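pasted the sequence and its predicted model underneath.
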Amino acid sequence: MLNLTVAMLKAVLTVLLLFQFQEFPVAISKPEAGETLRGQVEILGQMDVPDFASAELAFSYAASSPADAWFTIQTFSQPPADLLLAVWDTTQLTDGDYDLRLRVFSVDGSFQDALVAGVRIRNYTPDPTATPTITPTVTATLPSFSLFNATPISPSQGDSTPVVAVFPTATPLPANPATLTASEVLAIFGKSALAIIGVFILISLLLRLRRNA
């Protein structure tokens, strides 16, 4: 009974796979829609079309309308032997969003398309979804000292050497040569008074001599 169940499951999976390949004979499996591309990009896909005539792999700007021009990446005169369709050099393009298209023509002139919309080429601009790098900031903590004594208040932890604040010693200024002492001021005042008295006496004598004359 178990073997019968396993055999039925294998048969169902085989049918599903065959149906998938028959339903989508033309496809681009890589890159996927919305994927960010840089440098040389491998484009993988398949083109299992009966009466194959030719195929073209092309791109266009994502913002363009469907009627705008498509730019050829690779042309095919026969289906490739493996899944690698082309190697796309994205460095030749301006950074932006692009669409990819694989178009396969049959002998009767009909064609089938496979589209991948919105691939993001980012060779020269950073990806906006990238997480910025945060650089840690180191803050130095200095010990605190009292302004009124030389004893440190809180030395840094783990330091067993005491820290002593040293204040500069005041140096006395030299004596000002223009400064006069009290005795010198009194002596100058006495000399000035004697000089004034002498002048008054001299003037009085001259006035008397003029009157007598």
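Looks like it arrived, so ask away. Keep in mind that what you see is a predicted model, and the values were worked out from it rather than measured.

for stretch 87-102, which outside residues touch it?
26-28, 31, 37-43, 45, 47, 55-63, 70, 73, 85, 113-125 (C-beta atoms under 8 Å, 6 or more residues apart in numbering). All C-beta atoms are positioned from the backbone trio N, CA, C, and that covers glycine.

from the residues you listed, which land in strands?
26-28, 37, 40-43, 45, 47, 55-61, 73, 85, 113-121 (DSSP state E).

what sits against Ala62?
Neighbours of Ala62 in contact, by C-beta under 8 Å, 6+ apart: 96-99, 117-118.

who wins for neighbours among the residues you listed?
Within the contacts of Ala62, Tyr98 tops the neighbour count with 23 neighbours, counted by other C-beta atoms under 10 Å.

what sits against the residue nearest to Gln112 when sequence neighbours are not counted?
With sequence-adjacent residues excluded and distances taken as C-beta to C-beta, 6 or more residues apart in numbering, Gln112 is closest to Val26, at 4.4 Å. Applying C-beta under 8 Å, 6+ apart, we find Val26 in contact with 45-49, 102, 104, 112-114.

and for Ile43?
Here Ile43 is in contact with 28, 30-31, 57, 73, 84-88, 100 (C-beta under 8 Å, 6+ apart).

return a PyMOL selection command for the buried portion of those.
Remark: buried members of the contacts of Ile43, expressed as a PyMOL selection using 16 or more other C-beta atoms under 10 Å:
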select buried, resi 28+31+57+73+85+86+88+100
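
make a markdown table out of the contacts of Ile43 and add pLDDT and distance to Arg208.
Putting the contacts of Ile43 into a markdown table (pLDDT from 0 to 100; distance: C-beta to C-beta, whole Å) gives the following:
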| residue | pLDDT | distance to Arg208 |
| --- | --- | --- |
| Ile28 | 95 | 140 |
| Lys30 | 95 | 138 |
| Pro31 | 95 | 133 |
| Leu57 | 96 | 140 |
| Ile73 | 96 | 136 |
| Leu84 | 95 | 142 |
| Leu85 | 95 | 142 |
| Ala86 | 95 | 139 |
| Val87 | 96 | 136 |
| Trp88 | 96 | 133 |
| Leu100 | 96 | 136 |
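
neighbours of Val104, how many?
Neighbour count for Val104, taken as other C-beta under 10 Å: 24.

any idea which helix or strand carries it?
Using DSSP states H and E, Val104 falls within strand 96-106.

state the distance from Val26 to Arg101.
According to C-beta to C-beta, to the nearest Å, Val26 and Arg101 sit 10 Å apart.

and if you look at Gly45?
Applying C-beta to C-beta to Gly45 and Arg101 gives a distance of 11 Å.

so what's the residue nearest to Ala58 when sequence neighbours are not counted up against?
Nearest in space to Ala58, with sequence neighbours left out and distances taken as C-beta to C-beta, 6+ apart, is Trp70 at 3.9 Å. Residues near Trp70 by C-beta under 8 Å, 6+ apart: 58-60, 101.

can you pick the most crowded of those?
Phe59 (20 neighbours).

show me the beta-bridge partners of that residue.
Phe71, Leu100 (DSSP bridges).

before we move on, what about Val41?
Beta bridges link Val41 to Trp88 when assigned by DSSP bridges.
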